[in-house]
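A.B. asks: Predicted structure and sequence below. I'll ask about it afterward.
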Number of protein chains: 2
Amino acid sequence: MEVRNRYVATRRHIEGAPTEADFEVREETARWSPDSGEVLVRNLYLSIDPYQLNRMKRSSASHLAVDGILPGQRDSPRGCCSPIRPSGRKRIAAYAAGEVVASASPEYAAGDVVAGVLGWEDYTLFRPSPAVLMSKVDASGGFPLSHHISVLGTSGMTAYGGLFEVCKPARGEKVFVSAASGSVGSLAGQFAKLAGCYVVGCAGTKAKVDLLKGKLGFDDAFNYKEEPDLKSALKRCFPDGIDIYFENVGGEMLEAALANMNPYGRVALSGVISEYTGAGRRAVPDLLEVIYKRITIRGFFAWDFLPRFAEFNAAIGEWIRQGKVQVLEDVSDGLESVPSAFAALFSGQNVGKKLVKLA
Amino acid sequence: MEVRNRYVATRRHIEGAPTEADFEVREETARWSPDSGEVLVRNLYLSIDPYQLNRMKRSSASHLAVDGILPGQRDSPRGCCSPIRPSGRKRIAAYAAGEVVASASPEYAAGDVVAGVLGWEDYTLFRPSPAVLMSKVDASGGFPLSHHISVLGTSGMTAYGGLFEVCKPARGEKVFVSAASGSVGSLAGQFAKLAGCYVVGCAGTKAKVDLLKGKLGFDDAFNYKEEPDLKSALKRCFPDGIDIYFENVGGEMLEAALANMNPYGRVALSGVISEYTGAGRRAVPDLLEVIYKRITIRGFFAWDFLPRFAEFNAAIGEWIRQGKVQVLEDVSDGLESVPSAFAALFSGQNVGKKLVKLA
């Protein structure tokens, strides 16, 4: 079987904030045969995530965990995490949901709906193996398909694992969430409220701040762009100090949070989006704060919690059903909207999980 | 009873590297009476520790945990951790060992030898309470008195707790120790060897490097002052990466260690001496390293392990008796040598634990 496949590629390595011009949509013919052992998936929803930018840089610590993405999708020396065509050509891998069109594997049949690591393209071929993150979507929960790549996908896993496994919140603890209207922050803050914590978030517009304090039920929120001094802003919001910081931003926000943390505070380092777009933009933490307050800073990402994916999703799914967790999805239409959707993440234009729905 | 008491005081707040001229030895009359409830101790050995410098600054995150020290020993609004005279006047508190001269407490008798928080002075008065860290020295172990304020005091607790409780080393893991010839580093490295780890230390002279590789049994060591690039030096010493970093230095050393760490690496943040003498000298870590390698950075200090002090010391004492741990003590004579002994810590002149023996 042959299908005409469009895919998104980078035109060059990206070192600053991405723009639409950094990408192009290409076409190719994808070939599947019954003796290939492969599964052909028509993608339906693509996940658009900030961490992808690190993969697109020439050099990044992220390449330790996931391969860098080469301009124009040339061959790569390693295949980790990325679907690889029989030709050895790579795509921009992404968490996505799709429908099996043809399968040469006994594990999948045409018509199955799957979620896992697919790609920014119309069709993805994958060869089932324990190393490929892929699962059939359990439709019995009655959730929209998009939820399976947002709140029931990596965003939910990151928020749930980061909060409950990394931070271990106790009732009454004070929790600060940065980028709180984003895909992970919006969930981490709501989960912390459900854990009985006092929760304050920050975001970059008044509308987002209103959303946090209204629909999402945060105890308080502030617009960091209107605060001349982040340390003072956090002091105002946390007169008794911060016990847990769910960190999505980095830079000065981390410095300010550390300065306001209580003894034995925990920092869950989920992401540092403010540092992704500038190699020189870094947090310069006062390590004496970390020592004398016995703070723990721990980096993590969603894959760390894979063995507990089903357990986490059972808990999250129940909260959604009970109306205790609001799911924010920001959906663009069509593969050609991927570049603008991705660029928008870095200019603060999205609210909640950014997704692209394919026609 | 009245005794003529000499004590070391700061002349001013100290913001850079300390010099002898920053201190002066003063005299006063210390008064003890049988109805005071207090214990009068003649100090025999004083501990000289780098962290004390942070207490002498006008402002420091360390003041969150222990009071700042005011020039000339004026009154302080809080009394945490520091022995306070009936007059409310404070001394530079320090871990020390001494002999009880007079006691108005049923818990102590003249002639008892004690170790705990005393001060940089000839005599210290304290009022026994659960908040005062003090214990009678158990002479049955047969160790020199000095050991009770070095390897069996806070240095040993910091090294043992930091390594075994914070880092949880597994056999065969690769451990890097900075300031490895210092009071804590020299012990942390030896403990890591006893845990079956591969251990590399750094220090600032050839003699110290030889000491690490020879007497202390480190697998390797390097002189950081002769390395043009710390990242390359660590790459050379750890071709398979670092699993555990026992951090005593901060600044560029932390950045270089993070760049060479393996996934799930642990950083025990014991001290950052390179940052103590310059407010602007800071580590600028690449947080992407921390996230993608899922590194944990944890600040701690000796007091955290107080409930397990006896357990730790039993293990350490046994190792000393078996000749498995070498104890390095660098002893100066006389109270008047405290300022120069303290200043020497920051110019790398000491080897092992710096102590002052009082006449």
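C.D. replies: Right, received. Where do you want to start?
A.B. asks: so how far is residue A:152 from residue A:320?
C.D. replies: 8 Å (C-beta to C-beta, to the nearest Å). All C-beta atoms are positioned from the backbone trio N, CA, C, and that covers glycine.
A.B. asks: Looking at these two, which is more packed in?
C.D. replies: residue A:152 (25 against 19; other C-beta atoms under 10 Å in any protein chain shown).
A.B. asks: how would you label the more buried one: helix, strand or coil?
C.D. replies: coil (DSSP: H, G, I helix; E, B strand; the rest coil).
A.B. asks: which residues do residue A:320 and residue A:152 both contact?
C.D. replies: residue A:143 (C-beta atoms under 8 Å, 6 or more residues apart in numbering or on different chains).
A.B. asks: and stretch A:143-157, average pLDDT?
C.D. replies: Stretch A:143-157 carries an average pLDDT of 97.
A.B. asks: For residue A:316, which residues are in contact?
C.D. replies: Residue A:316 neighbours (C-beta under 8 Å, 6+ apart): A:151-152, A:156, A:160, A:325.
A.B. asks: again, only this time at 10 Å
C.D. replies: A:147, A:151-152, A:156-157, A:159-160, A:187, A:190-191, A:324-325, A:327 (C-beta atoms under 10 Å, 6 or more residues apart in numbering or on different chains).
A.B. asks: any idea how far it lies from chain B?
C.D. replies: 22 Å (C-beta to the nearest C-beta, to the nearest Å).
A.B. asks: and the contacts of residue A:316, which of them are in strands?
C.D. replies: Residues from the contacts of residue A:316 lying in strands, with DSSP state E as the criterion: none.
A.B. asks: Show me which of these are buried.
C.D. replies: Burial by neighbour count, 16 or more other C-beta atoms under 10 Å in any protein chain shown: within those this picks out A:147, A:151-152, A:156-157, A:159-160, A:187, A:190-191, A:325, A:327.
A.B. asks: which ones among these are found in helices?
C.D. replies: A:156-157, A:159-160, A:187, A:190-191 (DSSP state H).
A.B. asks: mind giving me CSV with the residues you listed and columns for distance to residue A:170?
C.D. replies: Shown next, in CSV, are those (distance: C-beta to C-beta, whole Å):
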residue, distance to residue A:170
A:156, 22
A:157, 22
A:159, 18
A:160, 17
A:187, 19
A:190, 17
A:191, 14
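A.B. asks: out of those, what pair is the most spread apart?
C.D. replies: By the measure C-beta to C-beta, A:157 and A:190 form the most distant pair in these, at 14.7 Å.
A.B. asks: sorry, back to before: which two from the contacts of residue A:316 end up farthest apart in space?
C.D. replies: A:157 and A:324 (18.0 Å).
A.B. asks: Select the longest strand from chain A.
C.D. replies: strand A:93-103.
A.B. asks: Export only the CA atoms of that strand, formatted as PDB.
C.D. replies: Extracted C-alpha coordinates of strand A:93-103, given in PDB (Å, rounded to 0.1, in the frame of the first residue of the first chain):
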ATOM      1  CA  ALA A  93       8.400  12.400  16.600                       C
ATOM      2  CA  ALA A  94       5.500  13.500  18.700                       C
ATOM      3  CA  TYR A  95       3.000  12.100  21.000                       C
ATOM      4  CA  ALA A  96      -0.200  11.700  18.900                       C
ATOM      5  CA  ALA A  97      -3.300   9.700  18.400                       C
ATOM      6  CA  GLY A  98      -4.300   8.000  15.200                       C
ATOM      7  CA  GLU A  99      -6.200   5.100  13.500                       C
ATOM      8  CA  VAL A 100      -4.500   2.000  12.200                       C
ATOM      9  CA  VAL A 101      -5.000   1.900   8.400                       C
ATOM     10  CA  ALA A 102      -3.000  -1.300   7.800                       C
ATOM     11  CA  SER A 103      -1.200  -3.700  10.000                       C
END
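A.B. asks: Is there proximity between it and chain B?
C.D. replies: No. Among the residues of strand A:93-103, none lie within reach of chain B under C-beta under 10 Å from any C-beta of the partner chain; the closest is 15.5 Å away.
A.B. asks: Neighbouring strands - and their directions - for that strand?
C.D. replies: strand A:39-47 (antiparallel), strand A:113-119 (antiparallel) (DSSP bridges).
A.B. asks: Include mean pLDDT and mean neighbour count when you put those into TSV, please.
C.D. replies: TSV is the format used below for those (pLDDT from 0 to 100; neighbours: other C-beta atoms under 10 Å in any protein chain shown):
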stretch	mean pLDDT	mean neighbour count
strand A:39-47	98	24
strand A:113-119	95	23
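A.B. asks: For these, give me CSV that also has distance to residue B:109.
C.D. replies: What follows is these, written out as CSV (distance: least, C-beta to C-beta, whole Å):
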stretch, distance to residue B:109
strand A:39-47, 72
strand A:113-119, 72
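A.B. asks: Can you tell me which of those strands is nearest to residue B:200?
C.D. replies: Nearest to residue B:200, of these and by C-beta to C-beta, is strand A:113-119 at 37.5 Å.
A.B. asks: Which SSE is immediately downstream of that closest one?
C.D. replies: Next along the chain after strand A:113-119, taking DSSP states H and E as the criterion, comes strand A:123-126.
A.B. asks: Distance from the chain centre to that next one, please.
C.D. replies: Centroid separation for strand A:123-126 versus its chain: 21 Å, with C-alpha atoms, centre = their mean, to the nearest Å.
A.B. asks: Buried residues, it. List them.
C.D. replies: A:123-126.
A.B. asks: Quick check: mean pLDDT of that strand?
C.D. replies: In the prediction, strand A:123-126 has an average pLDDT of 94.
A.B. asks: which neighbours does it have in its sheet, and in what orientation?
C.D. replies: Counting by DSSP bridges, strand A:123-126 is paired with strand A:39-47 (antiparallel).
A.B. asks: next one: the next helix or strand after the strand it pairs with to chain centre, how far?
C.D. replies: Next helix or strand after strand A:39-47 toward the C-terminus (DSSP H and E): helix A:52-55. On the basis of C-alpha atoms, centre = their mean, helix A:52-55 sits 11 Å off its chain's mean C-alpha point.
A.B. asks: got the CA positions of helix A:52-55 in PDB?
C.D. replies: Output in PDB follows, covering the C-alpha atoms of helix A:52-55 (Å, rounded to 0.1, in the frame of the first residue of the first chain):
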ATOM      1  CA  GLN A  52      10.500  19.700  21.100                       C
ATOM      2  CA  LEU A  53      12.400  23.000  20.600                       C
ATOM      3  CA  ASN A  54      15.400  21.500  22.400                       C
ATOM      4  CA  ARG A  55      15.500  18.700  20.000                       C
END
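A.B. asks: per-residue pLDDT, residue A:315?
C.D. replies: On the pLDDT scale, residue A:315 gets 97.
A.B. asks: same check, this time on residue A:91
C.D. replies: So residue A:91 comes in at 76 (pLDDT).
A.B. asks: out of everything not next to it in sequence, what's closest to it?
C.D. replies: Nearest residue to residue A:91, sequence neighbours excluded (C-beta to C-beta, 6 or more residues apart in numbering or on different chains): residue A:119, at 3.7 Å.
A.B. asks: That neighbour and residue A:6 touch, don't they?
C.D. replies: No. With contact defined as C-beta atoms under 10 Å, residue A:119 does not reach residue A:6; the gap is 11.1 Å.
A.B. asks: Which positions within the biggest helix by length in chain A qualify as buried?
C.D. replies: As assigned by DSSP H, the longest helix anywhere in chain A is helix A:309-321. Going by neighbour count (16+ other C-beta under 10 Å), the buried part of helix A:309-321 is A:309, A:312-313, A:316-317, A:319-320.
A.B. asks: likewise stretch A:24-32?
C.D. replies: A:25, A:28, A:30-32.
A.B. asks: can I get the CA coordinates of it in CSV?
C.D. replies: Presented in CSV, the C-alpha positions along stretch A:24-32 are these (Å, rounded to 0.1, in the frame of the first residue of the first chain):
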residue,chain,number,x,y,z
GLU,A,24,8.2,23.5,5.9
VAL,A,25,5.7,20.9,5.0
ARG,A,26,7.1,18.3,2.7
GLU,A,27,5.6,15.4,0.8
GLU,A,28,6.7,11.8,0.2
THR,A,29,5.2,8.5,-0.6
ALA,A,30,5.0,6.1,2.3
ARG,A,31,5.0,2.4,1.5
TRP,A,32,3.5,-0.4,3.7
